[in-house]
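> output the structure for:
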Amino acid sequence: MTYDSDVFPAFWSRDSGLKSPLMLNSPAAIANFQNMRELLGVDGGMLIANPVPAESEIAREEMEIYIGRALDNAERDEISGKEVTPYLLDNLFHMTEGRSLETNIALVENNARLAGEIAVALTAK
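As a prediction, this is how the structure comes out:
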């Protein structure tokens, strides 16, 4: 599900180009959804996609160019396996002049904020 968006976000962008299968607009709604899952006996986790704050995002179209270049660089440099992710992130950091890291930090902070709000809503049952 996504929090407060009808499109599924990407890491650096608020819009991945994919429609969200479910949108809930408040931490209380997410807590209610989880409570209902428990009442119905639904096991397993729940993925809540929380968009990066608008002021911190890098547009999808811009990031797609950087990601394509980074993937091309990885192929050229014969990077594979567990080395791929750090290689790509380093490439993106340099191509965006550090903006990709700033955006990731903003996303982590936004996720922590939402998680805290959901936790408070879950205790209010």
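> and residue 10, what are its phi and psi?
Torsion angles at residue 10 (phi, psi; degrees, to the nearest 10) stand at phi -100, psi 170.
> that one and residue 115, how far apart?
For residue 10, the distance to residue 115 (CB to CB, to the nearest Å) stands at 19 Å. C-beta coordinates here come from the backbone N, C-alpha and C atoms, glycine included.
> quick one: the strands in this protein, in order.
Ranges of strands in the chain, per DSSP state E, are 2-3, 7-8, 18-19, 23-24.
> follow-up on the earlier one: residue 10 and residue 115: who's more crowded?
The neighbour comparison of residue 10 against residue 115 (other CB atoms under 10 Å) goes to residue 10, with 20 against 13.
> residue 6 and residue 15, how far apart?
10 Å.
> between these two, which one's more packed in?
residue 15 (16 against 10).
> quick one: that one and residue 2 touch, right?
No. If you go by CB atoms under 8 Å, residue 15 and residue 2 don't touch, sitting 10.6 Å apart.
> what touches both of those two?
Common contacts of residue 15 and residue 2 (CB atoms under 8 Å, 6 or more residues apart in numbering): residue 9.
> circling back: out of the strands of the chain, deepest packed?
strand 2-3 (a mean of 22; mean count of other CB atoms under 10 Å).
> what separation do you get for residue 98 and residue 20?
Taken as CB to CB, the span from residue 98 to residue 20 is 29 Å.
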